[in-house]
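Peer 1: got a predicted structure plus its sequence, pasted below:
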Amino acid sequence: MKHLLLVDDDHYLINLLSSYLLAEGFLINSIDNVPEALGLVQKNKPDLIITDIMMKQLDGYDFIKLIKLDTLLSDIPIIFLTAKGMTHDRIKGYNLGCHAYLTKPFNPKELLAVIKNIFKNIDLLQVKSKSSNVSNTYINVQFMNLFTFREKSVLNLVLKGYMNKEIAVNLNISLRNVEKYISRLLNKTKTRNRTELVRLVLGKYL
């Protein structure tokens, strides 16, 4: 059972989300401030953190910075749920290392889909790489020669579990171009979807 930590000072929202995610089979802890959340994370590392940005004292940006500074915690996926929906806010969140950014109000089903997608990609990487870090392995030269430099850049982020919006922000390209590059990757590898693409490429890595 996956352990999720919810961090938000909106108690009504936290109660709703806790009930919804519990019903979906997750183990839930919730807290309303960053200092206590940090203490909780260090005692009992969660599989994923869902956090608001605008909170008293330390905010969500401070939270993710502190998480990323701790090598034992830096691999925890983080999802931002926030009313701060401006483009520069999202870019800041992605640059700090969040995996997804949902603007309030949001559909809980979308949040659930994002959570499942993150875990699916993490599980896929763990099964294939075990103790190896994908970013430090090498695909054989013949296989990599299929791709252009930009396609390789997109592929690397796909392997890390990034979604299309995150890829667009990280590479400073449009979402439409990301979709175009992923379509090219699928065509060149004769795969039908991202999951098959990741499985094929990991097979070439290891």
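Peer 2: All right, it came through fine. Numbering: from 1, shown residues only.
Peer 1: longest helix anywhere in this protein?
Peer 2: Assignment by DSSP state H gives helix 108-129 as the longest helix of the chain.
Peer 1: and that helix, how far from the chain's centre?
Peer 2: How far helix 108-129 lies from its chain's middle: 8 Å, per C-alpha atoms, centre = their mean, to the nearest Å.
Peer 1: please apply the same query to stretch 79-90.
Peer 2: 14 Å.
Peer 1: let's see stretch 188-197 as PDB, backbone CA atoms only.
Peer 2: Below are the C-alpha coordinates for stretch 188-197, written out as PDB (Å, rounded to 0.1, in the frame of the first residue of the first chain):
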ATOM      1  CA  LYS A 188      11.100   5.100 -34.800                       C
ATOM      2  CA  THR A 189      10.900   2.400 -32.100                       C
ATOM      3  CA  LYS A 190       7.700   0.900 -33.500                       C
ATOM      4  CA  THR A 191       6.100   1.100 -30.100                       C
ATOM      5  CA  ARG A 192       2.400   2.000 -29.400                       C
ATOM      6  CA  ASN A 193       2.600   4.100 -26.300                       C
ATOM      7  CA  ARG A 194       5.000   5.600 -23.600                       C
ATOM      8  CA  THR A 195       4.900   2.500 -21.500                       C
ATOM      9  CA  GLU A 196       6.100   0.300 -24.400                       C
ATOM     10  CA  LEU A 197       8.700   2.900 -25.300                       C
END
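Peer 1: and that stretch, average pLDDT?
Peer 2: Mean per-residue pLDDT for stretch 188-197: 88.
Peer 1: what are the contacting residues of the longest helix of the chain?
Peer 2: 2, 4, 16-17, 20-21, 24, 26, 47-48, 50, 77, 79, 81, 99-100, 102, 134, 137, 159-161, 163, 195, 198-199, 202-203, 205-206 (C-beta atoms under 8 Å, 6 or more residues apart in numbering). C-beta: built from backbone N, CA, C; applies to glycine.
Peer 1: any of those residues buried? List them.
Peer 2: When neighbours are counted using 16 or more other C-beta atoms under 10 Å, the contacts of helix 108-129 contain these buried positions: 2, 4, 17, 21, 26, 47-48, 50, 77, 79, 81, 99-100, 102, 134, 159-161, 163, 198, 202, 205.
Peer 1: tell me the domain boundaries of this structure?
Peer 2: Listed domain ranges for the chain are 3-125, 132-205 (source: automatic domain parsing).
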